[in-house]
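S.K.: sequence first, predicted coordinates after that:
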Amino acid sequence: MNLLGAHLFSDHQPLEMDKVFKTTIGPWWDYIDPYYQQIQEETTWKALPPVIIAAFKYLGCDEHSPTFINIYRMAYFAGYIHTTVKDVEEGQEHDRKMQFSVLIGDLLFGRLLQLLVEADKKKIMMPFAAMICTINEGRVMKHKMNAGAETAVEKIYASLYETIFLSAAIIAGREKEFRDMYRRLGLNLGMAIELTNVPDLQNKADKYQTAARDIFKQINQQSRLQNSLLEKLIKLCSPSNDNGKTAVI
């Protein structure tokens, strides 16, 4: 657990999250477990819980954090499974294993939409669907159109953080202007976190961390919260902080 995680989680909470996630997937777990083991060291996978907790807690709706941790992790997991399917040119065989990977990913996306309905989060449906489209667009641009790495990171990864913050603002009942500002905070924070893990782009992470910090200052002028988890997260995610690495790795 990283430094930020130590602030956010008690020792049992990661295990509780895993338990909820496995229960949600249900009878398919034995088939999905190999992918689950592979994803454990993914930066985004580990970043999602603390980011969601910080974003929701700042707006006073942290009771929704467990639900959205489950939802966004499942979204990332489904996309991760789909990315294991390569093109024929990359040596992918159209065998049962490939078909199974596609079906499992589709199954998770279906379960994901069901979760949103069950949790009565229908007002999140539109931004969530837009996020899925953006992620898929980013993958196409990256693999088929030779898009720049920074653009790919923004669409494939940072859009998750962007939608997390937008979801929190919607759940908290904030007005449109605030929702847009909070969404931009999430996007810049996500870029700062993710770019620290792209060797050729680490030097660009600071500008996004600075942008996130500036947006947060504007937002915090109203609430004037001191030492919030979100403020700590923004400070710690800079690649040039005292630890010399991003806080969420």
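M.R.: Received, thanks.

S.K.: just the strands from the protein, written as ranges.
M.R.: If DSSP state E is used as the criterion, the chain turns out to lack strands entirely.

S.K.: low-scoring stretches of it, by residue?
M.R.: Applying pLDDT under 70 to the chain picks out residues 1-21, 24, 85-102, 119-121, 238-249.

S.K.: all helices for it, in order.
M.R.: Using DSSP state H, the helices of the chain run over residues 3-8, 13-25, 29-39, 43-58, 65-83, 96-118, 125-144, 149-153, 159-171, 176-195, 205-223, 229-236.

S.K.: can I get those helices in CSV with mean neighbour count?
M.R.: Where C-beta positions appear, they are placed from N, C-alpha and C, glycine not excepted. Formatted as CSV, these follow (neighbours: other C-beta atoms under 10 Å):
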stretch, mean neighbour count
helix 3-8, 17
helix 13-25, 14
helix 29-39, 13
helix 43-58, 23
helix 65-83, 20
helix 96-118, 15
helix 125-144, 15
helix 149-153, 17
helix 159-171, 25
helix 176-195, 22
helix 205-223, 16
helix 229-236, 21
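
S.K.: distance of residue 198 from residue 176?
M.R.: Separation of residue 198 from residue 176 (C-beta to C-beta, to the nearest Å): 33 Å.

S.K.: before we move on, what about residue 226?
M.R.: From residue 226 to residue 176 the distance is 27 Å (C-beta to C-beta).

S.K.: do residue 76 as well
M.R.: Separation of residue 76 from residue 176 (C-beta to C-beta) stands at 27 Å.

S.K.: ok, residue 60 next?
M.R.: From residue 60 across to residue 176, the span is 19 Å (C-beta to C-beta).
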